[in-house]
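# predicted structure and sequence below. I'll ask about it afterward.
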Amino acid sequence: MRPLPVLKEYRISSDHGFLDDRLPLARLSSNKYMKWEEIVAKLPSLLQEGSKVRTVIDELEVLDLDDSILGEVRELRRAYSILGFMAHAYIWASGTPQDVLPECIARPLLETANILGLPPLATYSSLVLWNFKMADECKKTEAGCLDLENITTINTFTGTVDESWFYLVSVRFEKIGSACLNHGLEVLSAIRNGDKEDAAVVNGLEKLAATIERLSKALMEMEVKCDPNVFYFKIRPFLAGWTNMSHMGLPQGVKYGTEGKYQIFSGGSNAQSSLIQTLDILLGVKHTANAAHSSKGKSKVNYLDEMKKYMPREHREFLYHLASVCNIREYVSLNPSNRPLQEAYGHCISKLKTFRDNHIQIVTKYIILPSNSKQCASNKSGVLSPIEPNTKAINCSGAKVASAKTIGTGGTRLMPFLKQCRDETIATVETKNENKN
Ligand code: HEM
Ligand SMILES: N[C@@H](CC(=O)c1ccccc1NC=O)C(=O)O
């Protein structure tokens, strides 16, 4: 029997989960890359000046990655993060996208991405996992140092508190969620050890359910300091990738270097968080291919599976290992008369369903409502947000049509996709009960 995965073999921490035990590097150590650091720090002001950021980036030398970067994973991650910020700023500056990335970004971005096992653009890893630091004043709080009060982002596109908060909520979510990894593995090892009364299995599942509940609370913290209109109109346009962007003039995606080829990639999304996919695997939630993701024409793609390619290599390999050994759902199905076991598993599914319901509420508030108000405005002014498909045919009372068509930065038709994810979560208990009858 294949052994259970050992977290640290996959660069995962039992205290911090998919965040590292060490803080991300806030600056590359070698002065050779000082210009990169200067530009990324100045992005908010450069982006205020229209396409100025492109002029500044075009003047950069093409730098090779030296041993200071190649020899240390935190340096590599920092380089990847900076290059992702610069790439998106270059492509999306001034609302008129540019479809060719200059060599000075394309080459090192392709190289760092390849080593880390990630796609060459800004991802959840570069914007969230590797983009935070301790605030100057660290207050001692119950939640310890990774409390939202104590952390801040390293870089943003807009320099707004709202953008920092948007990323930091996910940092907090990863920290809280790290407990899920430990509880999940405890449950699996209790099943393997033949836990006669199932006490350890039930206890582990109840702790897992309580942690998922805390994740929902963490998600709702978004509203504290991230304003929906600031998010939708100012921040979000920079997070888009180059999938389904024909309407923006990027039908073939982006060309990596003047001599490079055009490539298509999805933008950053929390669907790239390994944590939530860990929960699906632990609880046996199966996601089917969905028409809601349309990057491959009309063919159906399992978007969440595709997003595993947008996670750091070790984290992706952890998910594959976990999936190959996880038998919690089967175990619960095989013990239908054990009520505490059935209930504890049911609590986990119900908390995960609530998380997905709350997320749909957040998405309604942060994308659907602002996009409807935009359509009314844009019908008058002709201005479209960079990320939305051309919705000119929809009038101001067309909210229903609009929400069905609105796309996520990851390129999904977001509402059908998110509802499908939620419904497949509920189906996990329903099909289990059907199997029993
Ligand atoms: C303003 C805040 C947020 C917005 C507007 C938002 C929007 C979206 C959208 C549009 C998607 C669909 C994929 C895509 O095409 O991009 C998505 C997926 C997802 N988001 Fe968010 N999101 C937000 C915050 C969060 C946070 C803070 C979390 C976690 C705490 C989260 C968790 C997820 C997950 C797990 C998915 C994958 C679908 C699933 O597994 O149910 N989101 N999000
Ligand atoms: N998919 C979201 C964006 C999103 O969720 C996201 C993008 C980049 C980095 C982190 C993200 N998630 C939230 O914390 C959207 O369509 O606006």
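It's in. Numbers count the residues shown, from 1 in each chain. Ligands and ions are numbered 1, 2, ... in the order given.
# lowest mean pLDDT among the helices and strands of the chain, which one is it?
helix 399-405 (a mean of 61; mean pLDDT, DSSP states H and E).
# gap between the helix or strand just after that one and the chain center?
Helices and strands here follow DSSP states H and E; after helix 399-405, the next one along the chain is helix 414-436. Distance of helix 414-436 from its chain centroid, counting by C-alpha atoms, centre = their mean, to the nearest Å, is 21 Å.
# and helix 414-436, what's buried?
By neighbour count on 16 or more other C-beta atoms under 10 Å, the buried set for helix 414-436 is 414-418, 420-422, 424-425, 428-429, 432. C-beta: built from backbone N, CA, C; applies to glycine.
# equivalent analysis for stretch 45-57, please.
If you call a residue buried by 16+ other C-beta under 10 Å, then stretch 45-57 has these buried ones: 46-47, 53-54, 56-57.
# any weak-confidence spans in the stretch 1-150 of the chain?
Applying pLDDT under 70 to the stretch 1-150 of the chain picks out residues 138-146.
# now stretch 8-18, how far from the centre of its chain.
The gap between where stretch 8-18 is centred and where its chain is centred comes out at 17 Å by C-alpha atoms, centre = their mean.
# still on that earlier bit, restrict the buried residues of helix 414-436 to those near ligand 1?
Restricting those to those touching ligand 1 (C-beta under 6 Å from any ligand atom) yields 414, 417-418, 421.
# that older thread, just give me the closest of the buried residues of stretch 45-57 to Ser269.
Leu47 (21.4 Å; C-beta to C-beta).
# that closest one contacts Thr160, correct?
No - taking contacts as C-beta atoms under 8 Å, Leu47 lies outside contact range of Thr160: 11.5 Å.
# near ligand 1, which residues of this structure are found?
Counting by C-beta under 6 Å from any ligand atom, the residues of the chain close to ligand 1 are 169-170, 173, 219, 222, 231, 269-271, 273, 276, 356, 359, 362-363, 366-367, 408-412, 414, 417-418, 421.
# rewinding a little: TSV for the buried residues of helix 414-436, including pLDDT and distance to ligand 2?
Putting the buried residues of helix 414-436 into TSV (pLDDT from 0 to 100; distance: C-beta to the nearest ligand atom, whole Å) gives the following:
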residue	pLDDT	distance to ligand 2
Leu414	92	6
Met415	94	11
Pro416	93	14
Phe417	93	10
Leu418	95	10
Gln420	95	15
Cys421	96	13
Arg422	97	16
Glu424	96	18
Thr425	97	18
Thr428	93	24
Val429	88	27
Lys432	57	30
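# now for the residues you listed: which two are most distant?
Leu414 and Lys432 (28.1 Å).
# leaving out chain neighbours, which residue sits closest to Phe166?
Cys226 (4.9 Å; C-beta to C-beta, 6 or more residues apart in numbering).
# brain fart, Arg192
Per C-beta to C-beta, 6+ apart, closest to Arg192 is Leu4, 7.4 Å.
# correct me, but the one you found touches Leu188?
Yes - here Leu4 reaches Leu188: they are 5.5 Å apart, a contact under C-beta under 8 Å.
# any residues in contact with both of the two?
Counting by C-beta atoms under 8 Å, 6 or more residues apart in numbering, the shared contacts of Leu4 and Leu188 are Val325.
# higher neighbour count, the two?
Higher neighbour count among Leu4 and Leu188: Leu188, with 21 against 15, using other C-beta atoms under 10 Å.
# which residues touch that one?
Leu188 makes contact with 4, 325-328, according to C-beta under 8 Å, 6+ apart.
# go through those and name the one nearest ligand 1.
Cys326 (17.0 Å; C-beta to the nearest ligand atom).
# tell me who's in contact with that closest one.
Contacts for Cys326 were tallied using C-beta under 8 Å, 6+ apart; they are 184, 188, 281-282, 284.
# 6 Å instead?
Applying C-beta atoms under 6 Å, 6 or more residues apart in numbering to Cys326 gives the contacts Ile281.
# what's the closest non-adjacent residue to the residue of the stretch 101-250 of the chain found nearest ligand 2?
Closest to ligand 2 within the stretch 101-250 of the chain is Ser170: 3.8 Å, counting by C-beta to the nearest ligand atom. Leaving out its chain neighbours, the residue that sits closest to Ser170 by C-beta to C-beta, 6+ apart is Val128, at 4.5 Å.
# around the one you found, count how many other residues there are.
By the criterion of other C-beta under 10 Å, Val128 has 25 neighbours.
# and Asn327, by the same measure?
13.
# phi, psi for it please.
Per-residue torsions, Asn327: phi -130, psi 30 (degrees, to the nearest 10).
# could you report the pLDDT at it?
Looking at Asn327, its pLDDT stands at 97.
# cool, and the one 3 residues further on?
Residue-level confidence at Glu330 comes out at 97, pLDDT.
# so it is in which element?
helix 328-333.
# what's that helix in contact with?
Residues outside helix 328-333 that contact it (C-beta under 6 Å, 6+ apart): 187, 191, 282, 284, 341, 345, 432.
# CSV please, covering these and showing secondary structure.
What follows is the contacts of helix 328-333, written out as CSV (DSSP: H, G, I helix; E, B strand; the rest coil):
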residue, secondary structure
Val187, helix
Ile191, helix
Leu282, helix
Gly284, coil
Leu341, helix
Tyr345, helix
Lys432, helix
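# select from the residues you listed the one having the most neighbours.
The residue in those with the most neighbours, by other C-beta under 10 Å, is Tyr345 (29 neighbours).
# nearest residue to that residue in space, please, no chain neighbours.
Closest to Tyr345 by C-beta to C-beta, 6+ apart is Val332, at 4.5 Å.
# where does pLDDT dip in the stretch 251-400 of the chain?
With pLDDT under 70 as the threshold, the stretch 251-400 of the chain has low-confidence stretches at 291-299, 374-386, 388-400.
# now do the helices in it.
274-283, 303-307, 313-325, 328-333, 339-363, 369-381, 399-405 (DSSP state H, counting those that start in this stretch).
# among those helices, show me which one is buried the most.
Comparing the helices of the stretch 251-400 of the chain by mean neighbour count (mean count of other C-beta atoms under 10 Å), helix 274-283 comes out on top with a mean of 23.
# other residues contacting it?
With C-beta under 6 Å, 6+ apart as the test, helix 274-283 has contacts from 18, 174, 177, 184, 311, 315, 319, 322-323, 326, 328, 348.
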